[in-house]
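Engineer: one predicted model, sequence on top.
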Amino acid sequence: MTTAAATPQLTADLRAPIDWKLPVVYAVLGVLTLFGFGLFGGAAGRHTVFSFSTGRDFFSVPDLTVSSWPTAVGAGIVLVMMAAAAAWLATRREKPGVWFPVVYGLLFLFAFLTWAGADTGRIPVTPLLAGALALSVPLIFGAMCGLVGERSGIINIAIEGQLLAGAFLAAVVASALRNPYAGLVAAPIAGALVAVLLTFFAIRYWVDQIIIGVVLNVLVVGLTNFLFSTVLTANPETWNARQSLPTVPIPLLADIPVIGPVFFNQTILVYLMYAAVAVIHVLLFHSRWGLRTRAIGEHPKAADTVGIRVNRSRVVNTLIAGGIAGLGGAFFTIGSGLAFGKEMSAGQGYIALAAMILGKWSPMGAVAAALLFGFARNLGNTLSTMGTPVPSDLLLMLPYIVTIFAVAGFVGRVRPPAAAGKPYGAQ
Amino acid sequence: GEAPEDSAAGDGGGDNSDYKACIVSDQGGWDDKSFNESAKAGLDMAVEELGIDHATAESSADADFGPNVDNMVSQGCNITLGVGFLLEGAIHDAAEANTDLHFGLVDATFTDDDSNTVELDNGKPIIFNTAEAAYLAGYLAAGMSESGTVATFGGIQIPSVTIFMDGFVDGVAKYNEDNGDEEVKVLGWDKEAQSGSFSGDFENQSQGQALTEQFISQDADIIMPVAGPVGLGAASAASADGDTSIVWVDQDGYESTEYGDIILTTVQKEIATAVKDTIAQDVEGNFSSEPYVGTLENGGVDLAPYHDFEDEVPEELDAKVQELKEQIISGDIVVESPSTP
Amino acid sequence: MKLELSGITKRFGSFTANDSIDLVVTPGEIHALLGENGAGKSTLMNVLYGLYAPEEGEILIDGRAVRFSGPGDAVAAGIGMVHQHFMLVPVFTVAESVALGYEPTRGAGMMDLAEARRKVEEISARFGFSIDPDAVIEDLPVGAQQRVEIIKALSRDAEVLILDEPTAVLTPQETDELIGIMRQLKERGTSIVFITHKLREVKAIADEITVIRRGRVVGQAAPESTESELAGLMVGREVHLTTDKEAPEPGDATFSVENLTVVGGGESVLLDDVSFSVRRGEVLAIAGVDGNGQSELAEAILGLVAPRTGRIVLDGRDLGERSVKERLRAGIGFVPEDRSTDGVIAGFAIRENMILDLYDAEPYAKGLSMRPAVVRTEGEKKVEEFDIRLSSIDHPISTLSGGNQQKVVLARELGRPLRLLVASQPTRGVDVGSIEFVHRRIIAERDAGTPCVIVSTELDEVYNLADRIAVMYKGRLVGIVPPDTPRDVLGLMMAGVPEDEALARVESGEDATEISAAEEA
Amino acid sequence: MSESSAAPGSGASAEVIGAGETSGTGDPSTGGRQPARRHEARPGVLRDILSGSWLVSLLSIAVGLLAGAVLIAASNESVQETLGYFFARPADFFVTAWHVVTEAYIALFRGAIFDWQATSFVRAVRPFTESLVAATPLILAGLGIALGFRSGLFNIGGQGQVILGAILAGFLGYWLTLPAGLHLVVAVLGGIAGGALWGGIAGALKARTGANEVIVTIMLNSIAGYLIAYLLKQQWFTQSGSANPQSRDVDATASLFPLLPDPFRLNAGFLIAVAATVLVWWLLERSTLGFEFRAVGENPHAARTAGISVGRVTFLVMALAGALAGLAGASQVLGTEDKLTIGIAGSLGFDAITVALLGRSRPLGTFLAGLLFGAFKAGGYTMQAQTGTPIDIILVVQSVIVLLIAAPPLVRGLFRLPAPAGKEAR
Ligand SMILES: Nc1ncnc2c1ncn2[C@@H]1O[C@H](COP(=O)(O)OP(=O)(O)OP(=O)(O)O)[C@@H](O)[C@H]1O
Ligand SMILES: Nc1ncnc2c1ncn2[C@@H]1O[C@H](COP(=O)(O)OP(=O)(O)OP(=O)(O)O)[C@@H](O)[C@H]1O
Ligand SMILES: [Mg+2]
Ligand SMILES: [Mg+2]
C-alpha cells in the first residue's frame, strides 16, 4: 500500500491554547496559604501538634510539634513556587505528572492543619485517617457496585436502596440469629434482591434504568421504614438488637505506626472491601470475565456476535454488584455496631455514584474519590471538635463542595461505558 | 393455633372511652429514642391508666404538621399534643381555631409573630429546664474524667438541645472552680459564643460515631450527645473504644438503649410523666393552660441513677452532686442559659 | 463444507425482510450476493450467523439440518462473518478484540494475552497483514479494522466466511488487496459469501452470483453477465446509472475556504491547511476514504467544529465567529452525513423535522410562539414537491424508510433559497430509485446558481455529480482534479499519492487495478 | 435495536421520555422499529380500549393499592393473630384482613376526597381542598423535573432548588415591607430566582465543563440543606427573637391569599400551579424555546446541527426547572407554612421525580400525577391518624405504581390485555 509523507510538525501558532486553569488554581491556593495561613494567619508564636499515636500502638510514634507560623509560611512559599513551576510548564504546554497535584494537595493540607490547629488542640492524624476510611467504606462498596453494573451496561441509581436494604437485612438477621456474621451473609442477599428488580424491569421490560433506580430507592425506603415502625420497633430485642462485627487486627501489619491502626485493625467487612476492590480491579482488566464485561458495556452487539449472552451476563453482573452494595450497607449496622435506623444510608448511595463517576469508572479511581469524600467529611468533623470558629454547617458542606469542584474542574467530560443505560435486544 | 373466644373489647384501668387524647410527632417519629418516644410513652401510660381513647400521627415533613394536627381536631380529640417546637405553629393555629378543644405543646412555648411568649386559654406548654440536670451531669463528668477532657455535641442547634450543653459546660466550670487545681476541658460547645459541634440532624448515626471518635482522639473520655438516635452512634463509638463513657439524655439510657454498661448517667427529662399528668388533669376536668416547667424541684428533670457506675463514682463526688442539686432546688444556685424557657 | 439455506423467511413485525430464500454455497466458492439497499442481504446473513431466528426455513451443513441458537453455534459450525458495521469494541486492543468470546486463559479465568497476541501475529503473518496486536481499535484506520475482523473470523477456523459489504470503506487499491486475500482464502478451501452492490467487484471475483430484491431471490447470474443486466435484475427495471446534466455554467467564486486547520483531541490534526473555492453553479465533489477529514471539513463550514486557524468566506463575508444558526440563516444548506444522528430527530413528527433548522424563523414562528398551522401546510407542500411517501405528516419520522427520511432532510435544506449547499453522503442508505431523484435535485440546485460542496466516499456518486473533484487524505487536499480523471488515479490520490505521480503510475500500468482493467476490457 | 436507542448521546435521559410513551422504544415485544402499517389486525373499539395507555395507568394504580393492602394487612396485629390460627378458622383471617384494609382505604378516601362522616359540610368537603394543597408544590416541582426530562437532563436537584426558592421567597416575604400585592409578587419572584440560581449552577457547569448534572444536583441538594440550617441560626436572617431555627412569619402582604374562607387552607399557590402547567405546556408544545428543548432532549447531535446551542439550552432548562421548583418552595413558605424551617422542603424534590415520571414528563400528566400524589398525601394523614396505618405505605404504593406504569407490557401481561396495534404518533 502506498503511504504519503508524514504530516509536518504543527507550526507554533497552531498549537493548543495554553491551559491556565490548573496553574491559576495552584497559584490561588498557594497565595492563600502564604498569606492567609502564614503571614497574616495570626499563628505567630504558636505551635501545632500532630499526634500519630492512638495510645495502644505497639510502636509509638512521637507527636510532631511544629512552630505554626514558620511552618505555614514555609509551606506557602513552597506552594507558590510549585504554582510557578506549573505555570512555566503550562506555557510549554506540558503537564506535571500525577505526583504533582498529590504532593501539592498534601502540602496544602499540612499548611491548613498547621494553621487551624495552632494551639487549639492536637491534630489527631491517625483518627483523622481512620475516620476517613470508615466514612468511605459504604461509599467504596457502593461505587464498586455501580462500576460493575455500568461496566456491563446497566446504570444503577439504586445503590442507595441497596445500601439501605443491606443495612436492614444485616441488622435483622444478625439480631434474630444473635450472630453478626449471619448478617454479613444476609446483607448481600438484600442488595441482590434489589438488583433482581432492577434487572427485571431494565432487561425484560426495557424500562429506563434511571427511572427504575430512583423508584427502587423510594420503594426500599418505604419498605424499610414500614417494617421498622411495625415489626422492628414492636420487638426490638428480637429483630433489631445491635450486633457488632468484632475488629480483627491483622498480626504485624496492625502494629505498623499510623497506617497499621488505620487499615489493619478493622472488621472483616473492611478486609472484604479491600478484597473486593483488588479482585474487581484485577478481574476487570485481566480476566475473561472482565473482558466480556467491558465488551457488553461498550458494544453489546459485538459481544453478541461472538456468542456472549449479553443480557444473561448483565443480569449476573448486576446481581453480583447488588451483593457488593448490600455488603456496603452492612457497614451501617453490624459493621459499625449499630442497630438499624430509618433511612440510615442517608444519601450515601448517591455519593457512591458520584465517586464512581469521579473515578472515571475505574476501581482505583473510584476508591480514591470515595476516600477523598470520606476525608473531606472527617476533616470537617475534626475541625468542628477542635473548636474551629467556622460554623459546623459550613464544615458539613465541605465534602459536597469539594465534589462539585472535582466533577466540574478536573473530571469534566468523561466517557462512560458506551452502552450504559441502553437496553440490548437482538430481535 | 387455637382460635380465641370472642371477648368484649376494653381493658385497662378506668373507663373514659369517650375521652380522646391525641398526639402528633415531629420528624423524629415515635422511635426516636428521644422526646417523641417519651411523649408517646406518656400517652400510652395515660391510655393504660385512664382507659381513654387515643390517636397518634407521625410527621415526616414540616408540611405534615398542619394536616396531622387538623386530622386530630376533625376526629374530635379532646386534647391534642404536639411534640417539639416545630409544631408550635400548627398547634397554635388549631388552638385559636378550636377554642372548645384543649392542646398541649411539648418542649416549646406559644409565641406571637415576634417570638414573644403568649398564653393561650386552651393551650398548655410543657417545657423543661434541662440545664439544671445537665449542670449536675457536667459536674459529675468533670469529676469522673480521667483524661481531664469531656465533650458534648448536639444534633441540630436549637434551644432544647443547647440548653443541655449550656448546663453541662457550667457544671464542668463549677467543678473546676471548686477544685482550684483542676482544669477539665469541655470540647464541642462554647457557651459564650453559643457555637459548637453538631451532627447536622437527628438521624445519621454514623456521623455521631465519626464525631465521637474525633472527640475520643482529642482525649475526651466522657461524652454527652444531645442528638436523639445519633447518640447511639456516639455510644457505639464509645463502647468500641472501651475507655469512654456516655452521658445519655432524655430517657434513662440504661434502660432504653443497649449501651447500659457505658452510660454513666442520664440527664432525664420526664416528658412521659408530664404528658400523662397533663392528660390526666384534662380527663378530670382540671385543664390549666399554665405552662408546666420541669425542674429539679418538681422532678421534671433529674439525673438518673448511675447504675453500673454506682461503685465507681466516689462518694464525695456523689455527695457534692446531691448538694448542688439541693442548692439548685433551693435557688442558691441558678443555672442560666440563653435557652432557659 | 457445503452450506445450504432453504426457504428462509424472516419477518420484522409485519414486514418481510427475507421471503423464502434458497441459497447454496459450495466449498471453495466465492458466492456474491447482490442487491440494492434494504434488499435483505444483511438480514439473510444474520440469520445464517445465528443472530436472528428465521420464521421459516432451515440451514443445512453438508446436507444435515442445523439450528443456531446464537452466533456461538454458527461459529462452532465453522461460519465466520465480517459485519457491514464492524463488530469491534472501540476501546479494546486488537488482541483483545480477537480474543473476545474465545479467550485463551491461564487458569482461574485469567486472560492469557500473550497467547492472544501470538494468534494475531500468526494469522497476520499468514496473510501478509501487518497489524500491531496492541493497537487500540478506535485508533486504527477502517481498512485495518476490517483486517482485524477478518483475523477474528479466521482465528476461529471459519470454513465459510461472510463478508458483508467489505469494500464500502476501501479505496480501489485497498479493494484490490482484499480481493487478493479472498483469492488466497479460496485457495485454502474457504468458501466466501461476498455481499456488495458494486457490480464491478462482483464481476471481478465471484464464481456464482445470486441477486436479491425486496427479500426474494430474483435470479442467479454468471460473472460474465453485463453490468446493466445485473443492475436490471437488482432494481427490477431499467436504470440510468448516470444522471443527465447540462455542462456547468460557473459564475463567481462566492465561497472559499482558506488555510483551514482543525485540531482534534490529543492534538491530532484533522484538517490540515485546506484551501479551495467554489463558484456559483458549480459542484465541487470531495472524494476520499471515510475518515480523512471530510466530515470535519463539512462541520467546520457549518461551524460545528471550531478551526484552529484559517478562514471560511461566503459571499465576501468571513463566517469566522458566526454561530451555526447565523450560518444557516446566511443561506447554507447542510445535509449531514449521518442522517440518524445529525439529520433528523427520530421521535419528532415529520412536519417538525421539516423545519428543524427553521423553527424560529418566519413564517414558522412569530416571536417565541410557533405557528403550527403554517408548519403543517408548508410541510405538506414539500411532501408533494419531494414526493415523500408517508401516511401522515404527524407521525414520527422514524416510521419512514431511510430514503424517505433523506428526502425530508433534502426538502428541508433545499426548500429555501440557498447561497451554499454542503451535502455529505447525500445518498447513503438510499435506494437506487431515490438516488436518481436526489442527484437530480442537487444538479437542479447547481443550475440555479448555488455553489455546491458534495462529500462522498462513493466514486460513482462523485463522478455522477462533480464538476471538479477534490481528493482528501489525512486531512489534506491531495489535489483538485477534473471530473474525467480515471478511477485508478483517484484511487491512488485517495491513498495520499499526489496527482502527477498517480497519473504517471497508472499510465505505466504499475498501479492500475484489476477491477478497472476488467472494466476496460 | 431501534433507531432512537441506538443514537449516541440520546442516552438515558432521552429515553426517560420514550419509556412507556411509545411502544417503539420501551417495548421489546414489538421488536423496536415497526413500519407504519397500523391496524393490520381487525380494528375494534374494545381492543383499543383494552390496549389504551390510560387503562394501563388505572390498572397500575390498582396493583399499587393492592400491594399496599397486603402490607397493611400483614402488619396489622389483629390480622397477625388470626394468622396464628389460620387453619383452625381461615375465615377469620380473610374477614379481619378485609376489614382492616377497607378501613384504611376508606380513611384514605375520606381524607383525600370527601368525608361523609364529618360533622359539618365544610369539614366534609375540606379533604378535597387539602389534596389540592398537598398537590400544589408537587405539581410545581414535578413540572420542573419533567421539563428537564424532556430536554434530556436528569435533574435530581429538585430538593435543593425548592429549598433555595423557599429561602428567598420567605426572606423577602418577611424582611421587606411593601404594599400588599407588590410584596407578594416580589416574594414569588424571589422564589423563582432562588430556584433558578440553584438549577442554573448545575446547568452552567454542565454546559461549560460537561460536569454530570446528576452528581452536581445531588451535591447541591446537600449544600442547600446545610445552607438553610446555617441561615436559620443567623438573627439577621431569621428576623425573629427566637433561638429556634425558624424565621419570623411571612408578612400578610406577601402571603399567598386564601381562595376559600377559613378552615380551608387552599390558597393562590394552586392557581400558580395551574398557570405553570399551562405555561409549561405552551412552552414545550407551542414555543420555539420548547422546540429547542425537546430537540436537544431527543437528539442533541441533530439539534446542534440545526443551529440550536445545546449549552444554552442546558443552562436555560436547568434554570427554568429550578425556577419551577423554586416556585414550589415559594408556595410552601408563602402559602401553607408561613415561615422558614429547616424541613420546609420536606422530601418534595424527590417526590417530584416520581410525580414527573408518573406524568410521563407531560405537563398535563404531571398535573394529574401531582393531584393523585397530593390526594395520597392528604388521605395518608387521615389514614394514619384514624387507623394507625404507618404512612410509609404510601411510598410503597407510589413506587409500585410508577414502576408498573413504566412497563406497560408487564401490566398487559398481568391482566392478559392485547398489545396495542402499531405505534402511536405523539
Ligand atoms: N432489526 C430490524 N427491525 C426491523 N426492520 C429491519 C431490521 N433490520 C433490517 N430491517 C429492515 O429489513 C430490510 C432489509 O434490511 P437489510 O439490512 O437486510 O438490507 P441489506 O440488503 O443488507 O441493505 P444494505 O445494502 O443497505 O446493507 C430493510 O428494509 C430494513 O429496514
Ligand atoms: N496497527 C496497525 N496494524 C496494521 N496496519 C496499520 C496499523 N496502523 C495503521 N496501519 C496501516 O498503515 C497505514 C498508515 O496508517 P496510519 O496509522 O498512518 O493511518 P491513520 O493516520 O490512522 O489514517 P486515517 O487518517 O485513515 O485514520 C494504513 O494503510 C493503515 O491501514
Ligand atoms: Mg446490509
Ligand atoms: Mg467522515
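Structural biologist: Noted; the coordinates are in hand. Ligands and ions are numbered 1, 2, ... in the order given.
Engineer: beta partners for residue B:263?
Structural biologist: residue B:246 (DSSP bridges).
Engineer: I'd guessed it sits against residue B:257; true?
Structural biologist: Yes. Distance between residue B:263 and residue B:257: 7.1 Å, which falls inside the contact criterion (CB atoms under 8 Å). Yep, even glycine has a C-beta here, placed from its N, CA and C like the rest.
Engineer: list residues touching both of those two?
Structural biologist: With contacts taken as CB atoms under 8 Å, 6 or more residues apart in numbering or on different chains, residue B:263 and residue B:257 have B:235, B:248 as neighbours in common.
Engineer: neighbour count winner among the two?
Structural biologist: The residue with the greater number of neighbours, taking residue B:263 and residue B:257 and applying other CB atoms under 10 Å in any protein chain shown, is residue B:263; the counts read 25 against 22.
Engineer: go ahead and flag the most central residue of the chain.
Structural biologist: Looking at chain A here, since you left the chain open. Taking CA atoms, centre = their mean as the criterion, residue A:370 is the residue nearest the geometric centre of chain A, at 1.1 Å.
Engineer: let me rephrase: I mean chain B.
Structural biologist: For chain B, counting by CA atoms, centre = their mean, the most central residue is residue B:250, which lies 3.7 Å from the centre.
Engineer: give me phi/psi at that residue?
Structural biologist: Dihedral pair for residue B:250: phi 70, psi -100, per degrees, to the nearest 10.
Engineer: quick one: pLDDT of it?
Structural biologist: If you check residue B:250, the pLDDT there is 89.
Engineer: same check, this time on the one 10 residues further on
Structural biologist: The confidence metric pLDDT takes the value 90 at residue B:260.
Engineer: what about the residue lying closest to it once chain neighbours are set aside, neighbour count?
Structural biologist: In space, not counting the residues next to it along the chain, residue B:260 is nearest to residue B:254; the distance is 4.3 Å by CB to CB, 6 or more residues apart in numbering or on different chains. Counted by other CB under 10 Å, the residues lying close to residue B:254 total 21.
Engineer: same check on residue A:103?
Structural biologist: Other residues within reach of residue A:103, judged by other CB under 10 Å, total 15.
Engineer: quick one on the thing from earlier: now the residue nearest to the centre of chain A. Nearest residue, chain neighbours left out?
Structural biologist: residue A:139 (3.8 Å).
Engineer: tell me the secondary structure at that neighbour.
Structural biologist: Assigned with DSSP: H, G, I helix; E, B strand; the rest coil, residue A:139 falls in the helix class.
Engineer: show the average pLDDT along the helix or strand containing the residue nearest to residue B:260.
Structural biologist: Taking DSSP states H and E as the definition, one finds residue B:254 inside helix B:253-256. Helix B:253-256 comes out with an average pLDDT of 88.
Engineer: before we move on, the earlier item: I'd assumed residue B:304 was in contact with the residue nearest to residue B:260.
Structural biologist: Yes. Using CB under 8 Å as the test, residue B:254 is close enough to residue B:304 to be in contact (6.8 Å).
Engineer: the residue nearest to the centre of chain B is in contact with residue B:34, isn't it?
Structural biologist: Yes. At 5.0 Å, residue B:250 counts as touching residue B:34 under the criterion of CB under 8 Å.
Engineer: what about residue D:183, neighbour count?
Structural biologist: 22.
Engineer: actually residue D:357, sorry about that
Structural biologist: A count of neighbours around residue D:357, defined by other CB under 10 Å, yields 31.
Engineer: what do you get for residue B:308?
Structural biologist: By other CB under 10 Å, the burial measure for residue B:308, its neighbour count, is 14.
Engineer: local confidence estimate at it?
Structural biologist: 92.
Engineer: confirm residue C:259 sits in a helix?
Structural biologist: No. The assignment for residue C:259 by three-state DSSP gives strand, which leaves it out of any helix.
Engineer: now do the same for residue 53: its pLDDT.
Structural biologist: Looking at chain A here, since you left the chain open. According to the per-residue confidence, residue A:53 scores 67 in pLDDT.
Engineer: hmm, no, I was thinking of chain C.
Structural biologist: For residue C:53, the model assigns a pLDDT of 90.
Engineer: could you pull up the residues touching it?
Structural biologist: Contacts were defined as CB under 8 Å, 6+ apart; by that measure residue C:53 touches C:47, C:69.
Engineer: does it count as helix, strand or coil?
Structural biologist: The three-state assignment at residue C:53 reads coil, by three-state DSSP.
Engineer: which ones are touching residue A:49?
Structural biologist: Residues in contact with residue A:49 (CB under 8 Å, 6+ apart) are A:63, A:64, A:65, A:117, A:121, A:122, A:123.
Engineer: tabulate those residues in CSV, adding columns for distance to residue C:45, neighbour count and secondary structure.
Structural biologist: Compiled in CSV, those are given as follows (distance: CB to CB, whole Å; neighbours: other CB atoms under 10 Å in any protein chain shown; DSSP: H, G, I helix; E, B strand; the rest coil):
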residue, distance to residue C:45, neighbour count, secondary structure
A:63, 74, 14, coil
A:64, 71, 13, strand
A:65, 77, 12, strand
A:117, 71, 24, coil
A:121, 74, 22, coil
A:122, 73, 17, strand
A:123, 69, 24, strand
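Engineer: which one of those sits closest to residue B:91?
Structural biologist: Using CB to CB, the shortest approach to residue B:91 within the contacts of residue A:49 belongs to residue A:121, at 43.0 Å.
Engineer: list the contacts of residue 111.
Structural biologist: Picked chain A for this. Neighbours of residue A:111 in contact, by CB under 8 Å, 6+ apart: A:33, A:37, A:38, A:71, A:72, A:75, A:76, A:79.
Engineer: nope, chain D please
Structural biologist: Taking CB under 8 Å, 6+ apart, we find residue D:111 in contact with B:71, D:127, D:130, D:378, D:379, D:380, D:381, D:382, D:383, D:386.
Engineer: go on, residue A:296?
Structural biologist: Applying CB under 8 Å, 6+ apart to residue A:296 gives the contacts A:152, A:153, A:303, A:308, A:310, A:313, A:314, A:419, A:424.
Engineer: for the chain, which spans come out with low pLDDT?
Structural biologist: Going with chain A. Flagging of chain A using pLDDT under 70 yields the residue ranges A:1-16, A:43-44, A:53-60, A:119-121, A:410-414, A:426-427.
Engineer: that's the wrong chain, I meant chain D
Structural biologist: Within chain D, the stretches with pLDDT under 70 are D:1-52, D:420-426.
Engineer: specify the residue positioned farthest from the middle of it.
Structural biologist: Checked over chain D using CA atoms, centre = their mean: the farthest-from-centre residue is residue D:88, at 46.2 Å.
Engineer: need phi/psi at that one.
Structural biologist: Backbone torsions of residue D:88, given as degrees, to the nearest 10, read phi -70, psi -40.
Engineer: coming back round to it: now render the contacts of residue A:111 as JSON lines, adding secondary structure, neighbour count and distance to ligand 3.
Structural biologist: Below are these laid out as JSON lines (DSSP: H, G, I helix; E, B strand; the rest coil; neighbours: other CB atoms under 10 Å in any protein chain shown; distance: CB to the ion, whole Å):
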{"residue": "A:33", "secondary structure": "helix", "neighbour count": "28", "distance to ligand 3": "63"}
{"residue": "A:37", "secondary structure": "helix", "neighbour count": "27", "distance to ligand 3": "66"}
{"residue": "A:38", "secondary structure": "helix", "neighbour count": "26", "distance to ligand 3": "69"}
{"residue": "A:71", "secondary structure": "helix", "neighbour count": "21", "distance to ligand 3": "70"}
{"residue": "A:72", "secondary structure": "helix", "neighbour count": "30", "distance to ligand 3": "69"}
{"residue": "A:75", "secondary structure": "helix", "neighbour count": "24", "distance to ligand 3": "65"}
{"residue": "A:76", "secondary structure": "helix", "neighbour count": "26", "distance to ligand 3": "66"}
{"residue": "A:79", "secondary structure": "helix", "neighbour count": "25", "distance to ligand 3": "60"}
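Engineer: could I get these as JSON lines with distance to residue A:198?
Structural biologist: Written out in JSON lines, the entries for those read as follows (distance: CB to CB, whole Å):
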{"residue": "A:33", "distance to residue A:198": "46"}
{"residue": "A:37", "distance to residue A:198": "47"}
{"residue": "A:38", "distance to residue A:198": "52"}
{"residue": "A:71", "distance to residue A:198": "51"}
{"residue": "A:72", "distance to residue A:198": "50"}
{"residue": "A:75", "distance to residue A:198": "48"}
{"residue": "A:76", "distance to residue A:198": "50"}
{"residue": "A:79", "distance to residue A:198": "46"}
